[in-house]
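Undergrad: Sequence plus predicted model, see below.
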Amino acid sequence: MTTTTALGELTGDYVLDTARTRIGFVARAMLVTKVRGTFDAFEGSARLDGESPSKSTVRLAIRAESVQTGNQKRDDHLRGGDFLDSAVHPALTFTSTRVEQAGPTGFKVTGDLTVRGVTRPVTVDVELTGAGKDPQGVFRVGFTGRATIDRDTWGVSGGRGMVGRKVTLELDIAAIRRS
């Protein structure tokens, strides 16, 4: 697959290829190191309009209990009431409200991010990384995305002094065109 230069070729309805998508985060811990994690259970869809990107839409739902950092004790703490409170708020969601083209293959996707029942706007910087038919003839697109948020804005205030307020969300998206 290669990056498609004609954005019009991207038009269609897509679903996430969950086996090839990574949804992760990075947070400063103990002032000197970074904690990296991923979410292993999620689903999403998009309606891409290559001719008029502003008409595109994106939806993502992440299972809060699927957080993984490689440390079971930390993962359990993140799932608990001090952080994600996954028993009460099982999903983190993102629904786009605006898509703006920002360069030949760049986009700013603004939407409503809901964490712990709190919904706030966030803008994700997104870059098209590839598009085309795979060996089986299925059309796929790839994107990377990044946004930095202040977790206090969503009421995720656990770990004071241990974990920084700023969290960088990192997305490596693979999606399959359905129509």
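TA: Yep, it's here.

Undergrad: any low-confidence regions in this structure?
TA: Residues of the chain meeting the criterion pLDDT under 70: 1-5.

Undergrad: now the strands: where do they sit in it?
TA: 12-16, 22-29, 33-39, 42-48, 57-63, 67-68, 91-101, 106-115, 118-133, 139-150, 163-177 (DSSP state E).

Undergrad: Report the angle between the first one and strand 22-29.
TA: Angle between the axes of strand 12-16 and strand 22-29 is 60 degrees (criterion: axes from the mean of the first three to the mean of the last three CA atoms, to 10 degrees).

Undergrad: Can you name every helix or strand that strand 12-16 contacts?
TA: Applying 3 or more CB pairs under 8 Å, 6 or more residues apart in numbering; DSSP states H and E, one finds that strand 12-16 contacts strand 42-48, strand 163-177. Yep, even glycine has a C-beta here, placed from its N, CA and C like the rest.

Undergrad: hmm, back to that, just tell me which of the strands of the chain ends up closest to residue 82.
TA: strand 163-177 (9.9 Å; CB to CB).

Undergrad: strands paired with the closest one, and their directions?
TA: If you go by DSSP bridges, strand 163-177 pairs up with strand 12-16 (antiparallel), strand 22-29 (antiparallel), strand 139-150 (antiparallel).
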